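Student: just the structure for this:
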Amino acid sequence: MNLGFSPIQGDHHYDELLEEVQYAEANGLDSVFLQEHHEASVDQYWSDPLSVLQGVATVTDEIDLGTAILLLPLYDPIRLAERGAILDGLSDGRFVLGAAVGYRPREFELFEVDRDRRGEIYEEYLTLVSRLWREERVSFDGEFRSVDEFQCTPRPASSPRPRIWVGGYHDVVLDRTARLRSQGVVDCWFPGTQPDREGLAARRDTFDDMLADRGVPPDDVDQPLFRDGIVAETTEEAVDLAQEHLVSGYEKQYKDRGHEASERGDLGHDVIHDDYDPHDLIENRFIVGTPDDWVEELHAYEEELGADHVVTRIYFEGMSHEDMMHQLDLLCSEVAPRV
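Tutor: Numbers count the residues shown, from 1 in each chain. Prediction:
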């Protein structure tokens, strides 16, 4: 199993980020993934993960560089293809585009994108980006973007194109991913942190069936996974850190924000219910505990879900760089060698 992480982000944490990524690369982790949000917490997200990853590319040699998740409908697809090709070249083929439709109304307002049509926009843009990376010249007549005999330059370093992982969790996302995978547009589904383990397993089974229905053997498709977690020497310390930083972040994101109630165990919306118990998130949604706990959980993901690349977000608002380095030391020395 490959093991990746999501580092410190936001504000002016550039030097800390580079130290964390270089440490992770030197000590056995396989990937680093950055998130994207706009007008969000200053100390949680950067607005432009591609720009940050370009900086990371220049000080690393082997670690994969990805987005989890880039909000694709907010981008011009031609500019995205060009920027992604440059990042892939700078990193000698290490770029992974993790992309999803997005959901926050304010972000669509900021970029003057029709949120109600974000699924259609997403699929069209993703198809165009994939073709621009694979083909020398592209003519494309879409509803939202068209181009005539355009060549994306420079060409990506990856062949036939940089990897594309599709984020999201609803059935419409799974169906779209299976269809686009059968057409060679994308590589795989990249489930995020929202579903609990039971919901994740059910969705994985659904996705495998959708692949098989389109003639794609599920065993031929990579199965990455993105999860939130805290690792510490003791369970008690890990739970305390999770309550202070991780659970509080979910509460800040979902409580009193006007989110509609959804299925239990889905989307992090559990926190809006009156009977919400933060320990449910810790036990059912996150990886929280000692290195031994992490190894057990990661093996379960591998055996039960077929996960072959787990990216763990271990940074949350308010954490210090020292907290992050301590977690990285445990991941690199006591978890990664055992998975």
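
Student: skipping adjacent residues, who's closest to the residue nearest in space to the middle of the chain in space?
Tutor: What sits nearest the mean C-alpha location of the chain, by Cα atoms, centre = their mean, is A68, with 2.2 Å. The shortest distance from A68 to any non-neighbouring residue, by Cβ to Cβ, 6 or more residues apart in numbering, is to F33 (3.9 Å). From N, CA and C alone the C-beta is placed, and that goes for glycine too.

Student: dump the residue contacts of that neighbour.
Tutor: Taking Cβ atoms under 8 Å, 6 or more residues apart in numbering, we find F33 in contact with G4, F5, S6, G66, T67, A68, V96, G98, F226, V311, R313.

Student: rerun that using 6 Å as the cut-off
Tutor: G4, S6, G66, A68, V311 (Cβ atoms under 6 Å, 6 or more residues apart in numbering).

Student: could the residues you listed be laid out in JSON lines, adding secondary structure and pLDDT?
Tutor: Formatted as JSON lines, the contacts of F33 follow (DSSP: H, G, I helix; E, B strand; the rest coil; pLDDT from 0 to 100):
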{"residue": "G4", "secondary structure": "strand", "pLDDT": "98"}
{"residue": "S6", "secondary structure": "strand", "pLDDT": "98"}
{"residue": "G66", "secondary structure": "strand", "pLDDT": "98"}
{"residue": "A68", "secondary structure": "coil", "pLDDT": "96"}
{"residue": "V311", "secondary structure": "strand", "pLDDT": "98"}
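
Student: any chance of these in CSV, plus distance to Q194?
Tutor: Output for the contacts of F33, formatted as CSV (distance: Cβ to Cβ, whole Å):
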residue, distance to Q194
G4, 18
S6, 15
G66, 18
A68, 12
V311, 14
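
Student: scan the chain for its longest strand.
Tutor: The single longest strand within the chain, with elements called by DSSP state E, is strand 224-231.

Student: tell me the mean pLDDT for it?
Tutor: For strand 224-231, mean pLDDT rounds to 96.

Student: which elements pack onto that strand?
Tutor: strand 287-289, strand 309-313 (3 or more Cβ pairs under 6 Å, 6 or more residues apart in numbering; DSSP states H and E).

Student: and the first one, how far out from the chain's middle?
Tutor: Just to be clear, that refers to strand 287-289. 19 Å (Cα atoms, centre = their mean, to the nearest Å).

Student: one more: stretch 43-56?
Tutor: With Cα atoms, centre = their mean, you get 13 Å for stretch 43-56.

Student: contacts for that stretch?
Tutor: Stretch 43-56 has contacts (Cβ under 6 Å, 6+ apart) with 9-11, 21, 34-38, 65, 67, 83, 87, 317.

Student: can you pull out the low-pLDDT segments for the stretch 151-300 of the chain?
Tutor: Applying pLDDT under 70 to the stretch 151-300 of the chain picks out residues 254-276.

Student: and the strands in it?
Tutor: In the stretch 151-300 of the chain, the segments counted as strands under DSSP state E, counting those that start in this stretch are 163-166, 188-189, 224-231, 287-289.

Student: can you lay out those strands as TSV showing mean neighbour count?
Tutor: Putting the strands of the stretch 151-300 of the chain into TSV (neighbours: other Cβ atoms under 10 Å) gives the following:
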stretch	mean neighbour count
strand 163-166	24
strand 188-189	24
strand 224-231	24
strand 287-289	24
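
Student: noted, bye for now.
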